[in-house]
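Peer 1: Need coordinates for the following:
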Amino acid sequence: MQCEALNYSFIIRTVVGDPDGYKRPVITVHAANSTIPKWNCQRPFPAPLIRARNGELLQIEFKNMLRDQLRSIHFHGLHMFNNPWMDGVDMITQCPIHVGVTFIYEFNLTQTGEQDLIHEQYSYDENSDYPIILQEWYHESWQDIMTGYQSFFNSSKEFKPRYSWPPTSLLINGHGRFDCHTTNCKKASRSNFSEPTKCNETIQCIPLRESYFGECQSDRHDLDEFHCHNGKYGRLRLINAASSSPLRFWIDQHPLLIVARDSLPVKPYEKLYIAIAVGQCLDVIVRCNQNPKFKYHMFVALPENFIVGVNPDNWMNTLFVYPNSTVISPPQLPPQANFNDDVLFEYKHLKPLNAENYKSQPAIKRLTYKFSVIFNTSEEATLEEWQINDKTLVSPSYAALLQSIYFDENAGV
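Peer 2: Coordinates of the predicted model:
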């Protein structure tokens, strides 16, 4: 029996946004049936929330309204079983969506995990069930960042390509706070510097001038509040949407009980703070058992010594609040504290709750691929080159790669 499809319709476009108070162009997604004055210009991204249950059919329509860019939408973390055409990787599973063109992604949702089991065990308040997207943010364009990564050594005097890239600021659900004193020395800093900052200090590696699109405002957005009722549980679905950096997350005075990884339940494991790998999703249960008159800091921070070169004290916070809380509690574990992150903790401790249910089927055909990364230091080469079986990817000239292989057995990478 075919279920009725859940329909969503979105538009992709470029607008002027200020996620961290510094105005710059951003690519955003908004509902197609909302006009520009009505859609939420205060939070242009993340994109609107899509809600669906396991097994339901989704039809998601995207219209590309960018002026000069081709796009596709990849649903990260979802396995497109028997339907790889909907994976949304341009020139691999589909041709990109051209400007002014609409494309419909249609697939059955097959990976939502055993959510009912977790809900029954902890009885968390559904009004305290939050998806939280953590990400780094840059004032440079993606083209600038990739040029800095792919350009040659000494293309300008003493230039060196770099990776990972130092973010300008961090965002929680699309909001952050940038220190505008790095663009205007007369502005105060949220870090409460005791002395005025000198104009030649490029603390966060951006040009020391105001944005072309308007004045920088560090407090442009109020601190978001995530609610939990005293004596109950809250559930946070944490997603590290960064492109190059793991991120540390914690809620002051509230231990985090990890119950799922990438939607699959794991044996509960408790930590005061967690380091989330790039692209990783971790679900945590938080017991709301602290003094209910306080609001508590919720932090995301860049781990120390991970970025090569300039590495500012980069963090962002929101508030974890109780219904009648009025006073913000001073953090007992501030971002400047000494942390001891174990980047392998999830492999050591996050074991499947029902391992028998997730055993792999016997392989029908076994393929062996050799993956290698070649690091370069010569002036004629870029920083690195990735290879599979001693080849870099060359997209087919006449069709997307998956289509080429499907219709032409002789097509190769």
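
Peer 1: Which pLDDT value does the model give residue 102?
Peer 2: Looking at residue 102, its pLDDT reads 96.

Peer 1: How is this structure divided into domains?
Peer 2: 6-112, 116-134+224-302+317-353, 371-407 (automatic domain parsing).

Peer 1: Give the rounded mean pLDDT of the longest one.
Peer 2: I take that to be domain 116-134+224-302+317-353. On average, domain 116-134+224-302+317-353 scores 88.

Peer 1: Now do the contacts for residue 262.
Peer 2: Counting by C-beta atoms under 8 Å, 6 or more residues apart in numbering, residue 262 touches 77, 280-281. (Each C-beta comes from the backbone N, C-alpha and C, glycine too.)

Peer 1: now with 7 Å?
Peer 2: Each residue near residue 262 by C-beta atoms under 7 Å, 6 or more residues apart in numbering is listed here: 77, 281.

Peer 1: quick thing: my sequence starts at 20, can you match it?
Peer 2: Understood, numbering begins at 20; the last thing we discussed is residue 281.

Peer 1: Compute the distance between it and residue 256, please.
Peer 2: Applying C-beta to C-beta, to the nearest Å, the value for residue 281 to residue 256 is 11 Å.

Peer 1: Residue 410 too?
Peer 2: Separation of residue 410 from residue 256 (C-beta to C-beta): 38 Å.

Peer 1: Who has more neighbours out of these two?
Peer 2: Between residue 410 and residue 256, residue 256 has the larger neighbour count (other C-beta atoms under 10 Å), namely 15 against 9.

Peer 1: pretty sure the more buried one contacts residue 150?
Peer 2: Yes - with contact defined as C-beta atoms under 7 Å, residue 256 counts as touching residue 150 (4.6 Å).

Peer 1: quick one: common contacting residues for residue 281 and residue 256?
Peer 2: Joint contacts of residue 281 and residue 256 (C-beta under 7 Å, 6+ apart) are residue 300.

Peer 1: Pull the distance from stretch 276-289 to the chain's centre.
Peer 2: Between the centre of stretch 276-289 and the centre of its chain there are 19 Å (C-alpha atoms, centre = their mean, to the nearest Å).

Peer 1: So which bits of it are buried?
Peer 2: For stretch 276-289, the neighbour count (16 or more other C-beta atoms under 10 Å) marks 276-285, 287-288 as buried.

Peer 1: ditto for stretch 307-324
Peer 2: By 16+ other C-beta under 10 Å, the buried positions in stretch 307-324 come out as 307, 309, 311, 313-322.

Peer 1: gap between the two ends of it?
Peer 2: Criterion C-alpha to C-alpha, to the nearest Å; first-to-last residue distance in stretch 307-324 is 33 Å.

Peer 1: which ones are touching the residue nearest the centre of the chain?
Peer 2: By C-alpha atoms, centre = their mean, the chain has its centre lying nearest to residue 260, at 1.2 Å. If you count contacts by C-beta under 7 Å, 6+ apart, residue 260 has them with 152-154.

Peer 1: how close does it get to residue 162?
Peer 2: Distance from residue 260 to residue 162, counting by C-beta to C-beta: 20 Å.

Peer 1: same question, residue 193
Peer 2: 22 Å.

Peer 1: ok, these two, which is more surrounded?
Peer 2: Taking neighbours as other C-beta under 10 Å, residue 193 and residue 162 compare with residue 193 leading, 22 against 8.

Peer 1: And the pLDDT at the more buried one?
Peer 2: On pLDDT, residue 193 comes in at 90.

Peer 1: Surely it touches residue 38?
Peer 2: Yes - here residue 193 reaches residue 38: they are 5.5 Å apart, a contact under C-beta under 7 Å.

Peer 1: In TSV: the domains of the chain, plus distance to residue 236.
Peer 2: Formatted as TSV, these follow (distance: least, C-beta to C-beta, whole Å):
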stretch	distance to residue 236
domain 25-131	5
domain 135-153+243-321+336-372	17
domain 390-426	36
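
Peer 1: Fine, thanks again, bye for now.
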